[in-house]
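# only the shape, not the letters, is given here:
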């Protein structure tokens, strides 16, 4: 995937569990797990906003572009 997820690293650096973050952000543990694993096809800006707020980080701390173009037949 062209976008790499570093949420786990930021959680560890902040000493916060994913369960704690879920409660603060208002998402399910299953949805956060999909995001953390890099298998999410998309994420709402509202969710990213809340994650960054509660982790006191920047979007670039949790999402990074790896320089590759991801080809997807679904998009037109």
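Looks like it came in fine. Source: prediction; values computed, not measured.

# look up the closest residue to residue 56, ignoring the ones flanking it.
residue 14 (7.3 Å; Cβ to Cβ, 6 or more residues apart in numbering). To be clear about C-beta, it is placed using only N, CA and C from the backbone, and glycine gets the same treatment.

# what is the burial count for the one you found?
Residues contacting residue 14 under the criterion other Cβ atoms under 10 Å number 14.

# list the contacts of it.
55-57 (Cβ atoms under 8 Å, 6 or more residues apart in numbering).

# now a PyMOL select for only the buried ones of those residues.
Burial among those is assessed by 16 or more other Cβ atoms under 10 Å; the matching PyMOL selection reads:
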select buried, resi 55+57
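
# now the contacts of residue 14 as JSON lines including pLDDT and secondary structure?
Below are these laid out as JSON lines (pLDDT from 0 to 100; DSSP: H, G, I helix; E, B strand; the rest coil):
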{"residue": "55", "pLDDT": "97", "secondary structure": "helix"}
{"residue": "56", "pLDDT": "97", "secondary structure": "coil"}
{"residue": "57", "pLDDT": "97", "secondary structure": "coil"}
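
# how about JSON lines for the contacts of residue 14, with distance to residue 20 added?
Listed next are the contacts of residue 14 as JSON lines, based on distance: Cβ to Cβ, whole Å:
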{"residue": "55", "distance to residue 20": "10"}
{"residue": "56", "distance to residue 20": "14"}
{"residue": "57", "distance to residue 20": "15"}
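
# report pLDDT for the residue nearest to residue 37 when sequence neighbours are not counted.
Using Cβ to Cβ, 6+ apart and skipping residues adjacent in sequence, the residue nearest residue 37 is residue 5, 7.6 Å away. We have a pLDDT of 94 for residue 5.

# residue 5 and residue 66 touch, don't they?
No - under the criterion of Cβ atoms under 8 Å, residue 5 is not in contact with residue 66, lying 10.9 Å apart.

# what about the two, which has more around it?
Each of residue 5 and residue 66 has its neighbours counted (other Cβ under 10 Å); residue 5 has more, 19 against 9.
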